[in-house]
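# Need a 3D model of the sequence below.
(2 chains)
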Amino acid sequence: DTEVTQTPKHLVMGMTNKKSLKCEQHMGHRAMYWYKQKAKKPPELMFVYSYEKLSINESVPSRFSPECPNSSLLNLHLHALQPEDSALYLCASSQDTGLSYEQYFGPGTRLTVT
Amino acid sequence: AQKVTQAQTEISVVEKEDVTLDCVYETRDTTYYLFWYKQPPSGELVFLIRRNSFDEQNEISGRYSWNFQKSTSSFNFTITASQVVDSAVYFCALRVNRDDKIIFGKGTRLHILP
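The predicted structure is shown next:
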């Protein structure tokens, strides 16, 4: 099973709302990732978790707050977002963070900030 | 610095035609991995292939084949007898030893016309 699931599929939120995106994998992978993808652009890395610890934060604004409660679950908490944060948010996982490990992506959450 | 160039922004072919997607990469690292991902309209990135820098053997998987040439820093992807379901954005990507990031090309949008 190479499935990464993400909920919700679509999310519309106002600039003052607080919401969370959820990602889950049951492949025993120890690395999990959040990416942001704007229309017609490649994905951009936001955060990397390795063994449930945050290992990379790509200078993401603090209105995005990641959380890894356990090895299967990854959340992205959203607060006070801006319209330019509207994008497809992709979660991915890999066996480890090493060079050779391919990342498996979820279907994404399409976020619209109004 | 690392870079992936997919010069073809958009390609349209008629079903059953063969099509090649070009990928040229730049890195000074001797150890690296190259990847191809497919992103259908649904949004999920689907892993297609991984190739390491020490393995220049070409690969065939059904209608898909990949040609890796270190001499020209290219990792091209050919779809034989294309089908409408092959319509998607295809990303070539690079990962080098010192970095946890995947460096994506800008993607090639492929339209297979019935």
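# Hmm, residue A:54 is touching residue A:34, no?
No: counting by CB atoms under 8 Å, residue A:54 stays clear of residue A:34, with 10.5 Å between them. The way it works is simple: take the backbone N, C-alpha and C, and place the C-beta from them, glycine included.
# For the two, work out which one has more neighbours and name it.
Between residue A:54 and residue A:34, counting by other CB atoms under 10 Å in any protein chain shown, residue A:34 is the more crowded of the two (25 against 12).
# That one against residue A:46, yeah?
Yes: using CB under 8 Å, residue A:34 is in contact with residue A:46, at 4.3 Å.
# between those two, what contacts are shared?
Common contacts of residue A:34 and residue A:46, defined by CB atoms under 8 Å, 6 or more residues apart in numbering or on different chains, comprise A:64, A:66, A:76.
# What pairs with the host helix or strand of the last one, parallel or antiparallel?
When you say that, I think you mean residue A:76. Using DSSP states H and E, residue A:76 falls within strand A:73-79. Here strand A:73-79 has these sheet partners by DSSP bridges: strand A:18-25 (antiparallel), strand A:64-70 (antiparallel).
# just to revisit the earlier point, what is in contact with residue A:54 and residue A:34 at once?
With CB under 8 Å, 6+ apart, residue A:54 and residue A:34 have common neighbours A:47, A:66.
# Quick check: the gap between residue B:4 and residue B:32.
Residue B:4 sits 11 Å away from residue B:32, going by CB to CB, to the nearest Å.
# Any idea what residue B:32 is bridged to?
Counting by DSSP bridges, residue B:32 forms beta bridges with residue B:96.
# Name the nearest residue to residue A:29, ignoring sequence neighbours.
residue A:93 (4.0 Å; CB to CB, 6 or more residues apart in numbering or on different chains).
# pLDDT wise, what is that neighbour at?
With respect to pLDDT, residue A:93 has a value of 95.
# How many residues are close by residue B:36?
By other CB under 10 Å, neighbour count at residue B:36 equals 22.
# cool, residue B:13 as well?
Residue B:13 sits with 16 neighbouring residues when counted by other CB under 10 Å.
# so where does it fall, helix or strand?
Under the criterion of DSSP H and E, residue B:13 resides in strand B:10-14.
# do that strand and chain A meet at all?
No: for strand B:10-14, no contact with chain A is found by CB under 8 Å from any CB of the partner chain; the gap never falls below 10.0 Å.
# how about that strand: buried residues?
The neighbour-count check on strand B:10-14 (16 or more other CB atoms under 10 Å in any protein chain shown) flags B:11, B:13 as buried.
# from the chain's centre, how far out does it sit?
Offset of strand B:10-14 from its chain centre (CA atoms, centre = their mean, to the nearest Å): 16 Å.
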